[in-house]
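Undergrad: got a structure for you, letters missing:
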């Protein structure tokens, strides 16, 4: 029997704009409580963190490592760290919702074998993250064992943890509608049909060359030069 008590309810963080899940069992303990911010933002705003945030902002200002809007050539010239094999994906929307783009690059032994990117005039960052992963799976030859990297923890949790339960319940959950359902179903079906593909989280804007490259593809719609 499916344990529905652990299925998550999805909310949109009022601080960062991203979706996050809260187990229904947790919500049941606090009737009427509707969380407004995700745990990451809550931790960032905790007492004693303000000073650390100022330091982090100063480091970012010096390093320019966050939201740099680099071309792919500039990314390759600047970054060299991180995994050298796999499919790296990213999605973006600014504002969220608003114009957005996605990108995916297939890399073997630190060399680009294939890449894709696209954009939509009005979308969300989560739709773009899912679109990037779906397109990224098509870059890998059938049967080739490969890791799919994304900096969206929501996408990883959705496919690796939650989708199986949602499917068992007829693609429904107690907390309401499943957002971007058609994309979630498509990606989940691909991952089930292709067990050689492993979906894995990677930190965003941490100097990982190919994650930064995917970010550049996802934001190419903002620039005249890819």
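TA: Happy to help now that I have it. What you are looking at is a predicted structure, and each value in this text was computed from that prediction instead of being measured.
Undergrad: From the contact counts, what lies against whichever strand in the chain runs longest?
TA: Assignment by DSSP state E gives strand 111-123 as the longest strand of the chain. Under the contact criterion of 3 or more CB pairs under 8 Å, 6 or more residues apart in numbering; DSSP states H and E, strand 111-123 touches strand 98-108, helix 125-137, helix 209-218. C-beta: built from backbone N, CA, C; applies to glycine.
Undergrad: next structured bit after the longest one?
TA: To tie it back to what came earlier, the one meant is helix 125-137. Next helix or strand after helix 125-137 toward the C-terminus (DSSP states H and E): strand 146-150.
Undergrad: Let me know the pLDDT of the closest residue to residue 138 other than its chain neighbours.
TA: Nearest non-adjacent residue to residue 138, counting by CB to CB, 6 or more residues apart in numbering: residue 116, 7.7 Å away. We have a pLDDT of 98 for residue 116.
Undergrad: Over to residue 77. Which of the three states is it?
TA: When classified by DSSP: H, G, I helix; E, B strand; the rest coil, residue 77 comes out as helix.
Undergrad: where does it land on pLDDT?
TA: In this model, residue 77 carries a pLDDT of 97.
Undergrad: So which residue is smack in the middle of the protein?
TA: The residue lying closest to the centre of the chain (CA atoms, centre = their mean) is residue 152, at 2.0 Å.
Undergrad: can you tell me which residues contact that residue?
TA: 91, 126, 129, 201 (CB atoms under 8 Å, 6 or more residues apart in numbering).
Undergrad: Show the buried residues in those residues.
TA: Among the contacts of residue 152, the ones that count as buried by 16 or more other CB atoms under 10 Å are 91, 126, 129.
Undergrad: can you pull the contacts of the last one?
TA: Residues touching residue 129, when contacts are defined by CB under 8 Å, 6+ apart, comprise 89, 90, 91, 102, 150, 152, 154, 155.
Undergrad: How about it, nearest residue that isn't a chain neighbour?
TA: Nearest to residue 129 is residue 91, by CB to CB, 6+ apart, at 3.7 Å.
Undergrad: which residues are contacting stretch 215-223?
TA: 69-72, 74-75, 90-92, 94, 99-105, 115-117, 119, 128, 132, 204-205, 226.
Undergrad: which of those count as buried?
TA: 70-72, 75, 90-92, 99-105, 115-117, 119, 128, 132, 204.
Undergrad: what stretches of this protein score poorly on pLDDT?
TA: 1-9, 17, 44-67 (pLDDT under 70).
Undergrad: ok so, going back, determine which two of the contacts of residue 129 are furthest apart.
TA: 102 and 154 (14.7 Å; CB to CB).
Undergrad: ok, back up a step: quick check: the residue nearest to residue 138 vs residue 140, distance?
TA: In this view, residue 116 and residue 140 are 12 Å apart by CB to CB, to the nearest Å.
Undergrad: how about residue 170, secondary structure?
TA: Residue 170 ends up coil, using three-state DSSP.
Undergrad: rewinding a little: assumed the residue nearest to residue 129 was part of a strand.
TA: Yes. Checked against three-state DSSP, residue 91 lies within a strand.
Undergrad: For the residue nearest to the centre of the chain, grab phi and psi.
TA: Main-chain dihedrals, residue 152, degrees, to the nearest 10: phi -100, psi 110.
Undergrad: ditto for the one 5 residues further on
TA: Backbone geometry at residue 157, expressed as degrees, to the nearest 10, gives phi -70, psi -40.
Undergrad: let's number from 2 now, not from 1
TA: Understood, numbering begins at 2; the last thing we discussed is residue 158.
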